[in-house]
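**Student:** prediction below, plus the sequence it came from.
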Amino acid sequence: MRNAECGVRNERQEAVRKVKCGMKGMLLLAIMLVCAYAGDASAMLTAKANHDHITIDFFYHGSTVGVKGVSDAGRDLVIKITSPEGEQVMKQKGKVAGALWMNVGTLKFENTPNMYEVFSTKKVDDILTAEERGKHTLGYAALADHVGVSPVTNGLDKAQWFGEFVKFKEASNLYKTDFGKIEMKDLPDGHQEYYILTPWPYQATPGEYTVSVYAVKGGKVVEQAESHVKVEQVGMVKTLATMAKDSAAIYGFLSIGVALSAGFGVGLVFRKGGGSH
């Protein structure tokens, strides 16, 4: 009887052991599948911005930034450079009394980057669906849907004022969309290398800018990589900017003193001598 009980117990233990082994095998297989999938889905796309730390001093008048990296072969690419979003204000002009152009109101643009540049291997509208463009805010049409404009009464007013806003930003070298200027080079391993060099406008304010690179296939973004560009004031420029922000009165007196000194110096240079004429 005792032998029978031992036999049953051994069978149960063997059954439990087999179940545990089976579960371990399934877990191992699942891990292998996940790793294999992760290996296939791992980001091939890379992005690196050179000259990613721009300093503003007295001699600063803009710079250049290059973006380079590697992607899978056969991918179209879109590169977007943006500042953090915020609220921007523009004066709304109109005719008063049917004759004079004057400021008649204020327009607020919300969720708006101060700087917005998009470069692509082909026209963005040709390589991405409208849904994908809107999802990643690529192109002026997608940005217009993303931005809030107030006060406006209808969609036509919003489109009109957003168009004027873009014209102003383009004139300030802060907004740009372009295609066909990304240099592409096939690599021996079957991948492709890309590079673009773009001017960095002196109008871009200090802060951290995001460089987003999108790999496109079949009308959709299949990979995304990011880099960053930091712009900061240094030296006397930083000191004066900090003083203007934190000690406005002292900065005002200093500015008046500098202006008076400059005027006095110019007077000395161009003075023709004493006596009345």
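**Tutor:** Nice, thanks for sending it over. Numbering: from 1, shown residues only.
**Student:** low-confidence ranges in the stretch 151-277 of the chain?
**Tutor:** Along the stretch 151-277 of the chain, the model assigns pLDDT under 70 to residues 238, 240-241, 243-277.
**Student:** now do the strands in it.
**Tutor:** 175-179, 183-186, 191-200, 207-217, 220-233 (DSSP state E, counting those that start in this stretch).
**Student:** note down every partner strand of the second one and its orientation.
**Tutor:** Which is strand 183-186. Sheet pairing for strand 183-186, assigned by DSSP bridges, gives strand 191-200 (antiparallel).
**Student:** quick one: contacts of the strand it pairs with?
**Tutor:** The contact list for strand 191-200 (Cβ atoms under 8 Å, 6 or more residues apart in numbering) reads 44, 51, 54, 62-75, 77, 79, 81, 117, 119, 173, 181-187, 229. (Glycine included, C-beta is placed from N, CA and C.)
**Student:** any idea which of the strands of the stretch 151-277 of the chain is most buried?
**Tutor:** Most buried of the strands of the stretch 151-277 of the chain by mean neighbour count (mean count of other Cβ atoms under 10 Å) is strand 207-217; its value is a mean of 20.
**Student:** excluding its backbone neighbours, what's nearest I81?
**Tutor:** E117 (4.4 Å; Cβ to Cβ, 6 or more residues apart in numbering).
**Student:** packing partners for whatever helix or strand the one you found lives in?
**Tutor:** Assigned by DSSP states H and E, E117 belongs to strand 116-120. Other elements packing on strand 116-120 under the criterion 3 or more Cβ pairs under 8 Å, 6 or more residues apart in numbering; DSSP states H and E are strand 76-82, strand 175-179, strand 191-200.
**Student:** in a markdown table: those, plus distance to K169.
**Tutor:** Listed next are the helices and strands packed on strand 116-120 as a markdown table, based on distance: least, Cβ to Cβ, whole Å:
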| stretch | distance to K169 |
| --- | --- |
| strand 76-82 | 12 |
| strand 175-179 | 4 |
| strand 191-200 | 15 |
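**Student:** Y209 is nearest to which of these?
**Tutor:** Of all the helices and strands packed on strand 116-120, strand 76-82 sits nearest to Y209, with 6.1 Å by Cβ to Cβ.
**Student:** next, count neighbours for the residue found closest to F109 once you drop the neighbours it is linked to in the chain.
**Tutor:** Spatial nearest neighbour of F109, excluding adjacent residues (Cβ to Cβ, 6+ apart): Q88 at 4.7 Å. For Q88, the count of nearby residues is 16 (other Cβ atoms under 10 Å).
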